[in-house]
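1. Coordinates for the following, if possible.
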Amino acid sequence: MAPGPELHAPDDELLALVIGGPHALQAARRLLDCHGLERLPNLHVGELTAGTGVGPRKAAATAAAFELARRAAARWPSTGWRVRTPADVAERLLPEMGHLEREELVVCLLNTRNVVLGRSTVYVGNLAGSPVRIGEVYREAVRRQAAAVIVAHNHPSGDPSPSGDDLRITSDLADAGRLLDIELLDHLVIGHDRWISLRAAGAL
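-> Predicted coordinates for the structure are as follows:
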């Protein structure tokens, strides 16, 4: 049996394997030069074909490969797993949320032993200056009788430094959690390749 492709190859060679064809390496290099590796998973088929030499079918296959990789990276275990540190959640969310072009806010539900019961996306858009409905954040936690939640949202700019709105939202969520007897364990801000725990930063 012939050996498989070298998965430790440079980015352009790996991308060329996905694209395929006699001119795949040149097309891969043009894509990387034009967009950079971090933006490729978010490109539409039309953007993958524009000026790159990649045809519509190859572009669709490439986009599908990136989507499968993103789903695999974001797949959470079907059985419960225990959260011991903020990194246990943040490192699972980073591949999925680190390069989103819009802000999303997700809620992770935990039981009394900090075992994850599930997660839900409760907001998509621009959180800055927008009212986050506290009831929506806690709706699923109440329904599933969660003991605690960890909230996370991303900064499309890539800089996870918390804004004034982030701190305000954290305070409002913590107050609501105390009324509902559901502890807000942390609020994570996800950037490009790094994240910040607002509990560790002293906001909780």
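
2. now what about the worst-scoring helix or strand of the chain on mean pLDDT, what contacts it?
-> None of the helices or strands of the chain scores lower by mean pLDDT, DSSP states H and E than helix 56-74, at a mean of 76. Applying Cβ atoms under 8 Å, 6 or more residues apart in numbering, the external contacts of helix 56-74 come out as 15, 18-21, 27, 40-41, 43-46, 48-49, 54, 92-93, 95-96. C-beta here means a position set from N, CA and C on the backbone, and glycine is covered the same way.

3. Contact partners for Val106?
-> Val106 touches Leu93, Met97, Arg119, Ser120, Thr121, Val122, Val151, Ala152, His153, counting by Cβ under 8 Å, 6+ apart.

4. and these as CSV, adding distance to Arg133 and neighbour count?
-> CSV is the format used below for these (distance: Cβ to Cβ, whole Å; neighbours: other Cβ atoms under 10 Å):
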residue, distance to Arg133, neighbour count
Leu93, 21, 23
Met97, 20, 24
Arg119, 18, 19
Ser120, 13, 17
Thr121, 14, 11
Val122, 8, 19
Val151, 13, 26
Ala152, 17, 25
His153, 14, 24
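
5. In strands, which of those residues appear?
-> Among those, the members found in strands (DSSP state E) are Arg119, Ser120, Thr121, Val122, Val151, Ala152, His153.

6. quick one: low-confidence ranges for the chain?
-> 1-8, 70-80, 126-131 (pLDDT under 70).

7. So which residue is dead centre in it?
-> Centroid check for the chain by Cα atoms, centre = their mean gives Met97 as the closest residue, at 1.6 Å.

8. Fine, thanks again, bye for now.
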